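S.K.: give me a 3D structure for the following:
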Amino acid sequence: MLQTQDYLGRLAITLWTLSVLSQFQYPVSQNSRQAVNNNGLLTFTEQLSDNIPLLNSGRDFIAPLWTHLDNRRGGTISYREDTSSAVLAQVTAAVNQYFPNLPIPFNTKSAFVATWDRVPYSSGEGVVTFQLVLLSNVDQSFILFNYGNIAETRQQWLARYGTVDFAHSYTSLLTSSELSSNSNVNVNGRWVFQVYNVCDTLNCTEDEVCRFRDGYGCGCLEGQRPNPETFDAIEFCASSTGTMSLSRCQLFESDFTPEILHLNDPNCTGTVKDGRVLFHFDNKDHICGTTLSRNGTHFIYQNSIHSNLPTAVITRKRWMNITFSCVYPLIQTLSMTKEIQAEQSVISIDLPGQGAYQIHMIPYHDAQFTRPYEGGVRVGVQVNQQIYMAVEVEGVDRSQIATVLDNCWATPVNESEYQIRWNLIIRECPNPEDGTVEVIQNGIDTTSRFSFRIFTFTGASDRIFVHCQVHLCLVQNGRCAQSCIPGRRRRRRRSLDFYHSAAITIGL
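M.R.: Residues are numbered from 1 along each chain as shown. Predicted coordinates for the structure are as follows:
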């Protein structure tokens, strides 16, 4: 039995080669390095000395009781690999009792046991005794938490297991002392969980590969993307029924999981079969929001595949609307590619006795503002793509006049006062709620510049219209635009530096 190191009572102990851990089906990298931590947890990818538990630690871990413990003041912390027949028979029987519906009865050849025995809290509020047991064979793995006497504490604590992309917590409604008097298997102080290899549960086909993108899923192998823009859509129609199937791996590569997709009726979701996601409707018991129309030559049954929309005002994630119909097949991918119509809006203003000037708002491809989107040409712009905007004033003396962006905002329709809007620039500075906005140049020249990432208004439109309120400033009176650095913003007195104000709009 190996005792813990005593440096500050907080160092992790590396577990060298143990057969039970090499078999343990925990969904972490194959090059994992297991370590027992004195503060009540086991890590897989690195040693960890944190004594304050983190809900989202960014690590793979198993924590029977993660809190600040101090074994310098007493108690013992140990671990071992147990292969004794009596212990193995006991834990094998327990697992088969707790999980009677396993496809294959569980049997283990070894068990990993880590024990924290009467270890004091660092706060001095009492001591704790608990144990972590890992059981595994070739096909199945289980976690056992056994709790003895657990003193109540006001310290932060966490009882949980999880990986970087997945976590499970079972103690949110309990106090620390209640761990020993509760259970999920009707044995006070004992908690047992079956651990799954995430990739094994996905049933990826031979043309797919288990991959991580904000979560695990079945991605595409190279060469398996024949129609990525339409997700390799295949439609089948028979009488008044219709079925549309999409490539699961191509959906995954575009951040669409089957769980968020449905037909017009949100209750009609897809089913996964052989690497494809199938959507079906008929005109009997599975109408699913299908509409019936005719054009003089055909009866047309029509439905659409949608993705769940977020509840926020705007989103930078793509949303789906694929319409398909029977008998006349029609496939449309909407909202996947956003279009930009560079309508270089112009406002001409006559100032009595002062001549005239013009204001242009022009979108650019690049941060150097060298490649404008040409007027009259539609250019596809993906959501979340950075776009660069310039507001230019012509017909004034640039040595004396500067252009200042006061406020800029977007609406889903070409109405600047429309009730649904998203602020981009507020009082000359980026909207703090949108971290993609950058004011690049403001109030130092006749051209002001800013940028932001393209978005859509959730469920409203795949176009946006950008509006800006601007004014001209006499540069001889000092700085025209205020500083947007936190803590250095200052109120500027509205005086002669405000020469003239105007508004301008552009459609994206």
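S.K.: pLDDT wise, what is Val439 at?
M.R.: pLDDT for Val439: 95.
S.K.: correct me if wrong: it contacts Cys429.
M.R.: Yes - the pair Val439 / Cys429 is scored as a contact, 6.6 Å apart, by Cβ atoms under 8 Å. Backbone N, C-alpha and C define where each C-beta goes, glycine included.
S.K.: between those two, which contacts overlap?
M.R.: Jointly contacting Val439 and Cys429 under the rule Cβ atoms under 8 Å, 6 or more residues apart in numbering are Cys484.
S.K.: helices along the chain, start to end?
M.R.: For the chain, the helices defined by DSSP state H occupy 19-23, 85-98, 198-202, 248-253.
S.K.: Gln469 reaches Ser501, doesn't it?
M.R.: Yes - with contact defined as Cβ under 8 Å, Gln469 reaches Ser501; the gap is 6.8 Å.
S.K.: more neighbours: which of the two?
M.R.: When Gln469 is set against Ser501 and neighbours are counted by other Cβ atoms under 10 Å, the residue ahead is Gln469, at 16 against 11.
S.K.: tell me who's in contact with that one.
M.R.: By Cβ under 8 Å, 6+ apart, the contact list for Gln469 reads 405-408, 501-503.
S.K.: what confidence value was assigned to it?
M.R.: Looking at Gln469, its pLDDT reads 89.
S.K.: that one and Arg421, how far apart?
M.R.: Counting by Cβ to Cβ, to the nearest Å, the gap between Gln469 and Arg421 amounts to 13 Å.
S.K.: show me where pLDDT drops low in the stretch 351-500 of the chain?
M.R.: For the stretch 351-500 of the chain, applying pLDDT under 70 flags the ranges 351-356, 375-380, 476-478, 486-500.
S.K.: ok, 80 please
M.R.: Along the stretch 351-500 of the chain, segments meeting pLDDT under 80 span 351-357, 374-382, 395-401, 459-462, 474-479, 485-500.
S.K.: tell me where the stretch 1-150 of the chain has strands.
M.R.: 2-3, 12-14, 35-37, 41-43, 61-66, 76-82, 111-120, 127-136, 141-150 (DSSP state E, counting those that start in this stretch).
S.K.: walk me through the domains of the chain.
M.R.: Per automatic domain parsing, the structural domains of the chain span 2-196, 202-334, 340-507.
S.K.: centre of the chain to the last one, how far?
M.R.: Pointing back at domain 340-507 there. Chain-centre distance of domain 340-507: 30 Å, with Cα atoms, centre = their mean, to the nearest Å.
S.K.: ok, now the longest one?
M.R.: Centre-to-centre, domain 2-196 and its host chain are 28 Å apart (Cα atoms, centre = their mean).
S.K.: any weak-confidence spans in the stretch 51-200 of the chain?
M.R.: For the stretch 51-200 of the chain (pLDDT under 80), the answer is 54-60, 103, 109-110, 137-140, 162-173, 195-200.
S.K.: against Val313, how distant is the residue nearest to Ala503 when sequence neighbours are not counted?
M.R.: Leaving aside its chain neighbours, Ala503 sits nearest to Gln469 (5.2 Å; criterion: Cβ to Cβ, 6 or more residues apart in numbering). Gln469 is 20 Å from Val313, where distance means Cβ to Cβ.
S.K.: got it, and Thr76?
M.R.: Taking Cβ to Cβ, one finds Thr76 at 56 Å from Val313.
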